[in-house]
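A.B. asks: Sequence plus the predicted model coming up.
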Amino acid sequence: MTKSVLISGASTGIGKALSLNLDRHGYQVFAGVRNPRDAEALTKQATSWLTPVILDVTIPDTIYAACAEVSSKTGGELFCLVNNAGISVNGPLEFMPLQDFRQQMEVNLVGQLALTQACMPLLRQDKGRIIFVSSVNGRLAVPFLGPYAASKAALISISDTLRLELAPWGIPVSVLIVGSVQTPIWEKAAHTAGEVRRRMPPEATQLYFQAAKRSGESYRRVGRSGIKPEEVAMTTRRLMEKQRPKAYILVGRDALLYELMVKLLPISLRDWLVRRSMGLLKKDT
């Protein structure tokens, strides 16, 4: 029997790579995309088994419609839900517009839980499993990515809680702690940062402009040097296929380094290294 998988955030990056990888390996893939144009682009690269579904995790109607389509085509079962949808909102927390912070949480956290809740009847029927895609920034926060880091840290906590709560029914819950990956999120984040800065008061520019600019350049360098989304897709498929999936999987060359920094280094040294890497050893005047 063909196993079914629903993936959110499949228009680009990790979600797209995972959708195509699983499709090539014979899974019945339901790829959550935000518009018909992305759906058309994805189907051109996939087999007829892949089904794009319009899915915005912040819009309940699209969640319910996506789950209904999965149910109708699988007989009410779902082998795996991959919560991958995400955005990056960045800027200094001191001046972060709260509507932007809330939007970050709506997409990266609340939306993930909403989709998971809607999929639970399908997952219970198939004794399926759940995978959340988090980030090393959920383990080690860095300057000007506070909203993103907060959402990814909370996502790890959500995964931990669900893993305990769903254990009696044999539904494994895993979280990918992903390092830098070559995906469009970096360029999207740069655009979002510009929009956020325009809504900040002039004082924010005076205090943080140079430091934020240097940090932005650092994030772009990290993004360009990251692993390819296909590597994350391969790791995710292997995790998904295990009879007893691990709770945590570190993915990427820098993921292990970040984890070691969190566990082994004194906080003062860790902070100094992060600030040094971002060019923040001296306060801007």
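C.D. replies: Done, it's in.

A.B. asks: Excluding covalently adjacent residues, which one is nearest to Pro52?
C.D. replies: Ala39 (3.5 Å; Cβ to Cβ, 6 or more residues apart in numbering). Every C-beta, even on glycine, is put in place using the N, C-alpha and C of the backbone.

A.B. asks: again with Thr183
C.D. replies: Per Cβ to Cβ, 6+ apart, closest to Thr183 is Gly13, 3.3 Å.

A.B. asks: Over to that neighbour: give its phi and psi.
C.D. replies: Backbone torsions of Gly13, given as degrees, to the nearest 10, read phi 60, psi -140.

A.B. asks: Is it in contact with Ile227, as I believe?
C.D. replies: No. Taking contacts as Cβ atoms under 8 Å, Gly13 lies outside contact range of Ile227: 11.8 Å.

A.B. asks: Neighbour count: the two, which is higher?
C.D. replies: Between Gly13 and Ile227, counted using other Cβ atoms under 10 Å, the more crowded position is Gly13 (22 against 18).

A.B. asks: Distance-wise, check that one relative to Leu55.
C.D. replies: As for Gly13, its distance to Leu55 is 15 Å (criterion: Cβ to Cβ, to the nearest Å).

A.B. asks: Please name the residues that touch the residue nearest to Pro52.
C.D. replies: Contacts for Ala39 (Cβ atoms under 8 Å, 6 or more residues apart in numbering) come out as 31, 33, 52, 54.

A.B. asks: Check it and give its pLDDT.
C.D. replies: For Ala39, the model assigns a pLDDT of 96.

A.B. asks: same deal with the one 4 residues further on?
C.D. replies: Note for Thr43: predicted pLDDT of 95.

A.B. asks: same deal with Ala31?
C.D. replies: 98.

A.B. asks: The closest residue in space to it that isn't next to it in sequence: neighbour count?
C.D. replies: Nearest non-adjacent residue to Ala31, counting by Cβ to Cβ, 6+ apart: Ala10, 3.7 Å away. Residues near Ala10, counting by other Cβ under 10 Å, number 30.

A.B. asks: what about Ala10, distance to Lys213?
C.D. replies: In terms of Cβ to Cβ, Ala10 sits 33 Å off from Lys213.

A.B. asks: hang on, Val175 in a strand?
C.D. replies: Yes. Under DSSP: H, G, I helix; E, B strand; the rest coil, Val175 falls within a strand.
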